[in-house]
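>>> Task: produce atomic coordinates for the following.
(one chain, ligands or ions: 2)
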Amino acid sequence: MKIFDFVYLISDTKSRRNVGSLIVMASLFFGFYLLGTAFFANDLKIPQRSKMELKDASNCKNRCQPPGSQALPEGILAKTSDLDMRPLWGWFDDGTHLKPSVSLLAIPAGIKQKDLVNKIVTKFLENDFAVMVFHYDGVVDQWDDLQWANRVIHVSAVNQTKWWFAKRFLHPDIVAEYDYVFLWDEDLDIENFDPGRYISIVKEEELDISQPALDPRKSEIHHQITVRRGNSRVHRNYLKLRGSGRCYDNSTGPPCSG
Ligand SMILES: *[C@@H]1O[C@H](CO)[C@@H](O)[C@H](O)[C@H]1NC(C)=O
Ligand SMILES: *[C@@H]1O[C@H](CO)[C@@H](O)[C@H](O)[C@H]1NC(C)=O
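Numbering: from 1, shown residues only. Ligands and ions are numbered 1, 2, ... in the order given. Just a heads-up that it's a prediction; the model follows:
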């Protein structure tokens, strides 16, 4: 058991930038694809369109598009979405819909860690997070008795790592809506953790990626940089001036900083 392990927070600005580049990439590929098909069509000697048709086409310039590819009416398309659940009917703001979540917790969960996961999810829901639970042991129905079971997104795939889930289910267009994404391990004791306070610190420090430091007395430590230091609110590196694997002030990579 450890008191905190890897926590990754992805800043709003950064993820939005990534979404931007994805969209640019997608449109480049799409443009290329159209170009490719045009050449291909010529090679196959598909009958040319009549002069009349060509004249019509040049008249309407960019406004005319092949059937089925017209733009949808304004307001239907959106570049991003979120994980908030919607009612099947009625209005969203009928009082049952809570205020939209600003951050997201994604956490792997095995039924053996039910108690700890329950505490973590409960605390994050109280702080208005959206929550996604990755079930890696195939057990989903034994969580039903918890009062939040129907308020979170459950994803189940047996024997997969949290990175497997994250890569496939934390799509950039979905997480772009959130200020911060917490991708946590399930064996974290959060008794002394306050998500709102944590976010206020990473905002002030302008951290794109961070994790809460571990309590060295109670945690299994794998990387010294993750250990809490009593004398500072935030640290960005780790010093080791003797022995093997030294870390200096000027070290730039893992395990010294990063
Ligand atoms: C998942 O992993 C466990 C432990 O290695 C193994 O016993 C089990 O058969 C695996 N299940 C599947 C569906 O692969
Ligand atoms: C980093 O600092 C150490 C100790 O002060 C020094 O020996 C080393 O040359 C420095 N490395 C660089 C790249 O400046």
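>>> Tell me how far Pro212 lies from Asn192.
10 Å (Cβ to Cβ, to the nearest Å). For the C-beta atoms, the positions are set from N, CA and C on the backbone; glycine is no exception.
>>> Name the residues linked to Tyr180 by a beta bridge.
Ser103 (DSSP bridges).
>>> what is in contact with Pro212 and Asn192 at once?
Among the neighbours of Pro212, none is also in contact with Asn192 (Cβ atoms under 8 Å, 6 or more residues apart in numbering).
>>> who has more neighbours, the two?
When neighbours are counted by other Cβ atoms under 10 Å, Pro212 comes out ahead of the other of Pro212 and Asn192, with 23 against 8.
>>> from what I can see the more buried one touches Phe193, true?
Yes - contact criterion Cβ atoms under 8 Å: Pro212 and Phe193 qualify, at 6.3 Å.
>>> Contacts only, for Gly196.
Gly196 neighbours (Cβ under 8 Å, 6+ apart): Asn127.
>>> And it, which helix or strand is it part of?
In this structure, Gly196 is located in helix 195-205 according to DSSP states H and E.
>>> Mind listing what's buried along that helix?
195, 198-199, 202 (16 or more other Cβ atoms under 10 Å).
>>> For Ile153, state which of those residues is nearest.
Pro195 (18.1 Å; Cβ to Cβ).
>>> wait, the closest one sits on Lys123?
Yes - the pair Pro195 / Lys123 is scored as a contact, 6.7 Å apart, by Cβ under 8 Å.
>>> Identify the residue nearest Glu191 in space, chain neighbours excluded?
Nearest-residue entry for Glu191: Lys119, 7.9 Å, with adjacent residues in sequence omitted and distances by Cβ to Cβ, 6 or more residues apart in numbering.
>>> mind listing the strands for this protein?
103-109, 129-135, 153-156, 180-183 (DSSP state E).
>>> what stretches of the protein score poorly on pLDDT?
1-64, 91-99 (pLDDT under 70).
>>> Could you break it into its assigned domains?
The chain breaks down by automatic domain parsing into domains covering 1-51, 103-212, 213-258.
>>> Out of those domains, which gets nearest to Gly90?
Once the domains of the chain are compared by Cβ to Cβ, domain 103-212 is nearest, at 17.3 Å.
>>> got the end-to-end distance for that closest one?
By Cα to Cα, to the nearest Å, the extent of domain 103-212 from end to end equals 16 Å.
>>> what about it, distance to the chain center?
Taking Cα atoms, centre = their mean, to the nearest Å, one finds the center of domain 103-212 at 10 Å from the center of the full chain.
>>> Great, nothing more from me.
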